[in-house]
Structure formats: C-alpha cells, structure tokens
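> Here is my input; please provide its structure:
(chains A and B)
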Amino acid sequence: MSLAIAGMGWVTPLGRGVDSVWERLLHGNEACATTVSEEFGNRPYHVFRVPESALTGFAHPRLRRASAISRFAAAAGLDALQGAGLTLDSQNAQRIALIFAISNGGVIYTKRFYGDIVNEGAQSASPLLFPETVFNAPASHLAAILGICGVTYTLVGDGAVGLLAIKMAEDLMANEAIDYSLVVGTEELDWLLCDAYRRWRLLRAAPPIEPFSKQKRGMILSEGAGAILLARLPRRRAAETGEGAFTIECTHPGGYFTKRAEAEEILKWILRDLCQSEIDLIISSANGTFVDQAEYVALKAVIPNALVYTGKPALGESVGAAGLWQVILGAQALRFAELPPVLHADPAIALRLPLSRTPMTGARRAIVLSCGLNQQAAGLRLAIR
Amino acid sequence: MAKPSSPNGKTVSVRVAVVAAGVVSPLGFGLAETLESLRKARDCVSPVTRFSVAQCRCKTAGQVPDDRLLAEVEGLRGQRLHRASHMMIQALKEVVAQEPQFKPELTVIGTTSGGMSYGEHYYRSLRQAEELRHAPTWIANYPAQKPVIDAQKVFGISAPCQVIANACASGTNAIGYAFECVRSGRYKRVLAGGYDALSEMVFVGFDSLQASTPEKCRPFDRHRTGMVLGEGAAILALENLELAQERGTPVLAEIIGYGISTDNFHITQPNPSGVGPRQAMDRALQSAAISADKVDYINAHGTATVFNDAAEGKAISALLDGVPVSSTKSMMGHSLGAAGAVEAVFCLLALQYQFLPSNINFSASDDGLDLNIVANETRPAVLRTVLSNSFGFGGTNASILMRKFEA
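The predicted model follows:
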C-alpha cells in the first residue's frame, strides 16, 4: 500500500527545519561534538547534541516537566503537521494515528529516578519523575498537545524501530477510519548510554564516524527527533501544500539476527525484495560499526551500482530517531535531485559514495535501509511521482 | 446481524481465530495450571524477596518462581538470559506444542520495561564501583525486543517483531493490533502477546505514586487501597479462521473486536468521567458490530486503585450495566505489559470451560459503583462473548472482545 509523505519535521544536532538542515548537509557541515561526563563515571564521551537554539521559543505547558526526548518529539511532530498544512480539530484528530519509535526512551529521568533509589533508598524516589520514565510518555505528551484521542502506539526497538513504525502505519492505514499517520522517532542522550555502547564495543572515543571502514572504529551518539506525516493516496492537498509527491511505495518488515554475521543475509533479503523496481539511491544506516560491513556486503551483492548515502557521519547515530531521519534524507534527495557528501569516507571504498555534493538527475526511487545495533533490520522504498 | 466492520463502516469478512495459547504467570505454568488456579480463585500474591522493599509501603507481588522458570534453557546461555526471556520462552513453548506448524508472518508483543532489572544491575554496579564483568550481558539483554527474539530463536521462528510499549495497555494493544492485521487480510498468521518481569525500579515507582497497597489487592471494593504488581508472559497464535479450518486445526476462540482510545487527561490518572475506557469499550463493540447486551463477562483492568476502578466502573455501568465483572489482578497482581495478554488467556479459558473468573478479596461494594462483581469464587456461566480491558499511563486504553467458537 503506497502512502504519501504529506509533511516532515526534524530536530537534529545541525538544527531544526527540514530545508535548513538539508542545506547545511549539502555544504558538508558536520555536527559539533560536545562531551558528556558523569560524576561516578571514569571517562567523558563525545556526542552530537541538539543545539539549544533549535528549540528556542518552543514551549508548551504539557512539556513543562518533560524530558528532552518529549520536547524533541513534539517539535518535530508539530513541524511535520505544519509542513502538511494540517490543523487538527476535534473531528480530524480522531482520524489520525500517532505512532512513536523509541529505542532507549527517557533515560535521563530513568537514571535520576533509579539513582535516587540506589543512593538514598526507595523513600526518596520522586513520584514526579517516574511517569516520565515510561516508554510512551513522549507519545502521551504529543497526543495531548494535538488532541489525538484515538490510535496511539509506541514501538520500542533498536535503530530499525523507525522503519518498523512506518510499517505499522502502513498496516493501520488499511483501516479507512484513519486518514493520516504521524510517525515520530525520538531519542535523548545521556552519559549512561554512551558507557553502555562503549562496553558493547560500538562507540568511538571521538569523531569522526568513518562509514564503511573495515576498522569499525565506532559511532558517535546523537539525539533529536524526526517526524513524517503519512496520508493515504491520492492526497487531497498535494497541490495546495506543494509538498511534492513523495510516496512510501512499500515497507519491508525485515527480520532479526542473533549474530552480527547474520545481518548481511537479512539485509540482502530486504534489498532483493525492495529492488523490484529500478533503484537510484540507497539511504544507508552505516554508522562506523559492524552495520557498515553488513550493509556493504549486502549492497555489493544485490545492487552494486546504486548511489549510497549515509548521513550519520554528519548527524551521528540517533537510534530511535535514525530511521525517520533517513526517510527525510531520502525524500529531500529525491526532491532536490542531489546528494550531500558522505563525510569521512575513504575514497577507496568500492561503493558509489558521493564524496562531494552530487547531482542525481532523474532519480525517482530510493531504498532506506536500517540495520539496528541490537538484532533488528528493516527497509522501505521511497519514490517521487 | 450486521457484518463486523471497521469503525467507519467498511465491511470486512475475515474472521480471526485463536488457534493456540501459552501462559506463565503467578497462577501457574501453562493453561492447565492456570485453569486450576482460576477455578480455585487462588491468591498467588506473596512477599517480595527479589529486592529490598524495606522502604516501600507495599511488600508483596505476584511472582513467577525461578526454580521452574529458569529450568527451560540451561547452561551458560540460560544464565545470561533475562527472566523476561525465560518467561517468553515458556509461553511460546506451549504455543508451539499446540501448533508445531504455525509459521507467523509477524509477532507483536507488548511490554513496559523490557529487561529492566539488568539495567538496574548495570547502573548500580557503575554507581557503587562494583564488578562490571557481566555488564555486556546486562546491556545486551536489557532491550525490550530481546526476550521476543530469544523466544523465537529457540523455536526456529523468524517472524519480524513489533514491540508495543503503551504502558499497562501494551498486551491488549498487541493482541488488538495483531487482530486487525489478520482481519484486514494483510496477514494470515500473527503471534501476539505480552510480557513483563518484576523490577525494583518499577516497583518503587508505583510505590512512590502511592498507587501500590500494603494490604490485599481489592479491585472495586469499597475499602480498596491500591494495586499489587505482578509479572508473567502470554502469547496467542492468531490465524485467518478460514485457513485454520482448512488446516483442520482446533479453534480455541475468536477475537471479534478491538477498541483503542487515548485519554489526554493526565499522564498517570484517568479522566474520572471514565470517557477513555468507555471509548475503548464502545469502539470494541462497534468493531465487532455487536450491541452491549451481547457481552456476558468483563475481565476488567481493575487495578484496585481508587481512581482507575472509579473511572472504569463508571464506564462499565454506563455501557454494560449488569454484566458480570471481575478483576483477576486480585489473584496475581498487575503484570503491566503482560496483563492484557495474560488476561486474554483467562478469557479464553473462561470461554472454553464456561465459568466466570473471580474477583477475590472483595468484601463490600463501593457505594459509588454499581457493578455486578463476581466476588471471591468462580461461578459456572453460559459465556459466548467476553470483553477484556486494559488501561495505562499516558491515557492509553484498549479493549478486546472474544467469542466462543461455534463450528
């Protein structure tokens, strides 16, 4: 079932605003790394944070006590709706599904809440913090802000969860009671996450992320949110909003792998299924880890001549938000018929990586490929009509 | 009777069968033990020993005993898996035993906290500068999708998995979403269920909200003082009924309706008017194209908190007045992400064996609620259609309708 992308929004370490961040990517900008440290930790970590300026002036009473993960999501979601020219009222709010993609959730408040328990005992645990630790807290805030009283789901998974959420939207919109699905992926940063990924041998001490490098030096974590508003075709307001006729032609639910070496086979399967039409571009999830080699092998085997772009060297690995960012990157690439440079890539890598700003005349279809760090993989195919 | 329809009236014709079910909970391992506990209205709540509750008001929970739970996957691999993975393996083992040839195209599981206790171990060890040798195991087994993947791997199931975290409605949301996937014709076979394992952080969390009780869990009782936590896992195998009949496989029940709503009143409290639960139940009835008078039993969310039971009770009275109601959380506590799935299994057993599960610890009706409570003992009953409710933090509400299968 094809779905139109009616609106997009994101909050990233390069700022907010789909077109403004895209412009920065085209110019080869990379997010600035800052360090996070923890009083009980023995080392600081480099991360890509959302700049404070990205949320300047963005406030809502509902978000007063909410953590960053909820604020990022709300900003991105509202931008996507604004981009679609859609204002929710009591009627159409019942006909929109809200689907969240989360990976690590509200880790900042979870750490604070449990930290109080560990340090001072259960009696010091704050009842104000606990509700914000649940996975669906960000979804509940945005649903309340928008007045959505029907279908809301929060999906949890690894970096593939964003595409799995879009898959869920495709399934939900088989029901004609739903006109739109707002899919939001969101993630917040904390030292604890960095430490966990380092112990898993997935994290790099400092930038850059070197995509497709055989050394697998590791990723840099980032934070933010991405949101897309999906509508059933034909889209009534396409001419009015000028959003362009992007569609998600099909989603692939992918599968799971239990050993990292198995990821290649899952990715090959996804690519073969999605390559039923001519493909011009791959939006890869390469992030400097084992994912890169898995995708490299799969791409070489199935679609060796496509252009391959990964935004993670510029934006970092945002896990729960990553899939939505990848879809937005793919849509922008098709819309503007050009690609930003893939940063820090070795020119000797045997893939068609744009190492500088690269035009893509006549490009019509892109595959978004997502190989998660914790056993899940998924994909989808984008097209411009 | 009008054909079942999507909420806006599109006629659908695919019926959804439950062809297998598996469960592990404080009531027992498997359907047979669970049935016996239900029939005997057993109180399966016991003192918490897994972590210190010295500073908590609540001291008890419904717990799955480890000596049986951890026996399925032995050796080093078994030691590394989180308890939640063991629960999912147990539940799926029972499903596979009933339906060895069931090959799902999708697996949808609800949970609220994944492998939370492993996250606790990791944080505590860091904070207190303790041994971190096991940290990679804790980190690898903490994510919410891991127990689902672990269980599927044991039984050679390769379906992609969706993990829904809609707070305490997660299990019912998972079953409801899976139901719609099959009913729409997009999928033929889907596994659906939920799991959650007890953890200190979540236990203290509910205690900090004063939602947990130091006493017995007394849903809908005038003297109720709060909930007791529980744990467990349950999985249902859903299949296109026509295909199930072609295969000649026994049909345990049908799922005929699903309703979902979002109540934007407060992040932890339901709207006291009961509008959220009422919308979920109403939408389930519309989804099934049946009237409220066709419902024979309600397995309530019934956490025994003052607010939930009041809101849910009000909604039930308004929509399903006089229908027998019980909350089986009185027997095993609130298993959060597992609750909706475990309670769906209870509904399945109720339909198969024609009895009303009990709402134990019930002494007096709440004057503000006019409900037909199945108090303290199970009763035989003629049941054709049952409703199961689950409501959660963030205003998530879900209801499913199940019907006795008549060939």
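> Next, the residue of the stretch 101-250 of chain A at minimum distance from chain B: secondary structure please.
For the stretch 101-250 of chain A and chain B, the shortest gap (CB to the nearest CB) falls at A:S140, measuring 3.0 Å. In short, each C-beta sits where N, CA and C put it, glycine included. Under the three-state scheme (DSSP: H, G, I helix; E, B strand; the rest coil), A:S140 adopts helix.
> Just give the number of residues close to the nearest residue to it once chain neighbours are set aside.
Distances taken as CB to CB, 6 or more residues apart in numbering or on different chains place B:G394 nearest to A:S140, at 3.0 Å, with adjacent residues excluded. By the criterion of other CB atoms under 10 Å in any protein chain shown, B:G394 has 28 neighbours.
> Are there helices or strands packed against whichever strand or helix holds A:G226, and which ones?
In this assignment (DSSP states H and E), A:G226 forms part of strand A:224-232. Packing contacts for strand A:224-232, counted by 3 or more CB pairs under 8 Å, 6 or more residues apart in numbering or on different chains; DSSP states H and E, involve strand A:3-12, helix A:68-84, helix A:161-172, strand A:180-187, helix A:322-336.
> hmm, 7 Å instead?
Contacts defined by 3 or more CB pairs under 7 Å, 6 or more residues apart in numbering or on different chains; DSSP states H and E place strand A:224-232 against strand A:3-12, helix A:68-84, strand A:180-187, helix A:322-336.
> Name the stretch among those that sits most buried.
Across those, averaging neighbours per residue (mean count of other CB atoms under 10 Å in any protein chain shown) puts strand A:180-187 on top, at a mean of 31.
> Quick check: neighbours of that strand in the sheet, parallel or antiparallel?
Using DSSP bridges, strand A:180-187 pairs in its sheet with strand A:96-102 (parallel), strand A:224-232 (antiparallel).
> residues in contact with the last one?
Yep, that's strand A:224-232 we're talking about. The contact list for strand A:224-232 (CB atoms under 7 Å, 6 or more residues apart in numbering or on different chains) reads A:3-13, A:50, A:72-73, A:75-77, A:79-81, A:84, A:86, A:169, A:173, A:179-187, A:248, A:318, A:321, A:324-325, A:327-328.
> Return it as PDB; C-alpha atoms alone will do.
C-alpha atoms of strand A:224-232 as PDB (Å, rounded to 0.1, in the frame of the first residue of the first chain):
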ATOM      1  CA  GLY A 224      16.900  14.500  18.400                       C
ATOM      2  CA  ALA A 225      13.700  13.500  16.600                       C
ATOM      3  CA  GLY A 226      12.200  13.000  13.200                       C
ATOM      4  CA  ALA A 227       8.600  13.000  12.100                       C
ATOM      5  CA  ILE A 228       6.700  12.300   9.000                       C
ATOM      6  CA  LEU A 229       3.000  12.700   8.300                       C
ATOM      7  CA  LEU A 230       1.700   9.900   6.100                       C
ATOM      8  CA  ALA A 231      -1.500  10.200   4.100                       C
ATOM      9  CA  ARG A 232      -3.400   7.800   2.000                       C
END
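> Which stretches in the stretch 251-400 of chain B count as strands?
For the stretch 251-400 of chain B, the strands defined by DSSP state E, counting those that start in this stretch occupy B:253-262, B:297-299, B:324-326, B:355-356, B:372-373, B:379-380, B:385-392, B:396-403.
> which residues of chain B score low on pLDDT?
Within chain B, the stretches with pLDDT under 70 are B:1-12.
> let's see it at 90
By pLDDT under 90, the low-scoring segments of chain B are B:1-13, B:71-79, B:129-131, B:264-271, B:394, B:407.
> do you know how far the closest residue to chain A within it is from A:A75?
Nearest to chain A, among the residues of chain B, is B:G394, at 3.0 Å (CB to the nearest CB). Using CB to CB, to the nearest Å, one obtains 19 Å as the distance from B:G394 to A:A75.
> same deal with B:E377?
For B:E377, the distance to A:A75 - CB to CB - is 54 Å.
> Ok, B:T137 next?
As judged by CB to CB, B:T137 and A:A75 stand 37 Å apart.
> what residues does stretch A:9-22 touch?
A:8, A:24-25, A:29, A:31, A:48-51, A:54, A:72, A:75-80, A:83, A:222, A:224-227, A:314-316, A:325, A:328, A:332.
> Is the residue nearest to A:S140 in contact with A:P138, as I believe?
No: contact between B:G394 and A:P138 fails when scored by CB atoms under 7 Å: they sit 9.0 Å apart.
> Thanks a lot, catch you later.
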